[in-house]
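Enquirer: I'll drop the sequence and a predicted model, then ask my questions.
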Amino acid sequence: MNRLLHFFSYEQCYNYYTKRIDSIRQKIIEGEVIVAKPALLIAIIDSIDENIFVTNQFVINDSLEEQYKKLMQKYTKDSRFDRATGIEKPFWHLESDGFWHLNYLGEQLSKRQTPSKAWLKENVKFAYFDESLWILLQNRFWRTKLRDYIIEHKLTDSLLAQKIKGCGLGVLAAILLTA
């Protein structure tokens, strides 16, 4: 596990990880941004807040999956897709964003294909954050601030933008809606 600390201040750490979160790669299908990665991050932050995860080791368990499903329902209620993204996809693909890591039990698979949830449970001992992010999340104030940031910038804003784009309202309507 990566135990390197990069920051000596919560504010610097927060600023760094908000930039990293802004650059999370999210799949876009038929013009709709898939919110699975931000939903998983919020589910983990909520689980830390509830003392479900007390170490920097995250596994797919019933509690995390239930939190994730609730968030997916909340933030995809206006989606045109019938099925929500399974937890295995963001759990697996978030690793490519650089602050989420998987501790494998054996060999690794290519990132080209998402493994099943069963494969992840059998072959990944746990996932973990950069140590600096984990320390930030131990502070209730900064944890809440980061959670709110993710909701505002990766869930709420993207949904509004999708609706504007989907309705063909254009730039003028976007300005009017946000004014």
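Expert: Sure thing, it's come through.
Enquirer: And stretch 78-97, what's buried?
Expert: Buried residues in stretch 78-97, counted by 16 or more other CB atoms under 10 Å: 79, 84-95, 97. Every C-beta, even on glycine, is put in place using the N, C-alpha and C of the backbone.
Enquirer: What's the end-to-end length of that stretch?
Expert: Distance across stretch 78-97, first residue to last, is 27 Å (CA to CA, to the nearest Å).
Enquirer: now do stretch 83-100
Expert: Length of stretch 83-100, first residue to last, CA to CA: 25 Å.
Enquirer: Tell me where this protein has helices.
Expert: 10-22, 36-49, 62-75, 88-93, 117-123, 131-137, 140-150, 157-167, 170-178 (DSSP state H).
Enquirer: Take those helices and write them to a markdown table, including mean pLDDT and distance to Leu105.
Expert: Putting those into a markdown table (pLDDT from 0 to 100; distance: least, CB to CB, whole Å) gives the following:
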| stretch | mean pLDDT | distance to Leu105 |
| --- | --- | --- |
| helix 10-22 | 95 | 27 |
| helix 36-49 | 97 | 21 |
| helix 62-75 | 95 | 19 |
| helix 88-93 | 96 | 15 |
| helix 117-123 | 93 | 5 |
| helix 131-137 | 95 | 21 |
| helix 140-150 | 98 | 29 |
| helix 157-167 | 49 | 34 |
| helix 170-178 | 48 | 47 |
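Enquirer: Any idea which of the ones you listed gets closest to Ile28?
Expert: Nearest to Ile28 among the helices of the chain is helix 157-167; the distance by CB to CB comes to 9.2 Å.
Enquirer: sorry, back to before: make JSON lines from the buried residues of stretch 78-97 and add distance to Gly106 to it.
Expert: Below are the buried residues of stretch 78-97 laid out as JSON lines (distance: CB to CB, whole Å):
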{"residue": "Ser79", "distance to Gly106": "36"}
{"residue": "Ala84", "distance to Gly106": "29"}
{"residue": "Thr85", "distance to Gly106": "26"}
{"residue": "Gly86", "distance to Gly106": "22"}
{"residue": "Ile87", "distance to Gly106": "21"}
{"residue": "Glu88", "distance to Gly106": "17"}
{"residue": "Lys89", "distance to Gly106": "21"}
{"residue": "Pro90", "distance to Gly106": "22"}
{"residue": "Phe91", "distance to Gly106": "17"}
{"residue": "Trp92", "distance to Gly106": "15"}
{"residue": "His93", "distance to Gly106": "20"}
{"residue": "Leu94", "distance to Gly106": "20"}
{"residue": "Glu95", "distance to Gly106": "16"}
{"residue": "Asp97", "distance to Gly106": "23"}
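Enquirer: Tell me which two of these sit farthest apart.
Expert: Farthest pair in those (CB to CB) is Ser79 and Glu95. Separation: 24.6 Å.
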